[in-house]
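*Asks:* Model the structure of this input:
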Amino acid sequence: MNDLSIFDKIQQFLSNNPTAFGALIALMGLLLFLGSVFDWNWIFGDVSRVTYSVRKIDGLINLFGRKTARIIFGTVSFFVFLAGLLVIWLSWEK
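*Replies:* Presented below is the predicted three-dimensional model:
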């Protein structure tokens, strides 16, 4: 029998298929970008008013306001999307 855990199987699959890894990164970036453009509440809602850490979305909202946090988050998620496309492009070059 195969004694690998689910995480080991996922890691093995993604290391053997870098295009799938790039597609996963690109899809995550696209989903988060669309969430910031359309102001989805599951990303920007339920803000804790005691957090001011810029490592969390709550901290960005508390420090800069919801609109500016959406712009920052959308910009970062767009670059994550581009990074996923870059991984896909580099995996096709081999």
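*Asks:* where does this structure have low pLDDT?
*Replies:* In the predicted model of the chain, residues 1-2, 94 satisfy pLDDT under 70.
*Asks:* Would you tell me which helix is longest in it?
*Replies:* helix 66-92 (DSSP state H).
*Asks:* Buried residues in it, which are they?
*Replies:* Ala69, Arg70, Ile72, Phe73, Gly74, Ser77, Phe78, Val80, Phe81, Gly84, Val87, Ile88 (16 or more other CB atoms under 10 Å). In short, each C-beta sits where N, CA and C put it, glycine included.
*Asks:* Contact partners for the first one?
*Replies:* Looking back up the chat, that one is Ala69. Phe44, Ile57, Leu60, Ile61 (CB atoms under 8 Å, 6 or more residues apart in numbering).
*Asks:* Need these in TSV (columns: distance to Leu27 and neighbour count).
*Replies:* Formatted as TSV, the contacts of Ala69 follow (distance: CB to CB, whole Å; neighbours: other CB atoms under 10 Å):
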residue	distance to Leu27	neighbour count
Phe44	20	19
Ile57	19	20
Leu60	23	24
Ile61	24	23
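*Asks:* for those, which one is nearest Ile25?
*Replies:* Ile57 (19.0 Å; CB to CB).
*Asks:* thinking that closest one is in contact with Ile43, fair?
*Replies:* Yes - the pair Ile57 and Ile43 qualifies as a contact (CB atoms under 8 Å) at a distance of 6.8 Å.
*Asks:* what touches both of those two?
*Replies:* Joint contacts of Ile57 and Ile43 (CB under 8 Å, 6+ apart) are Phe73.
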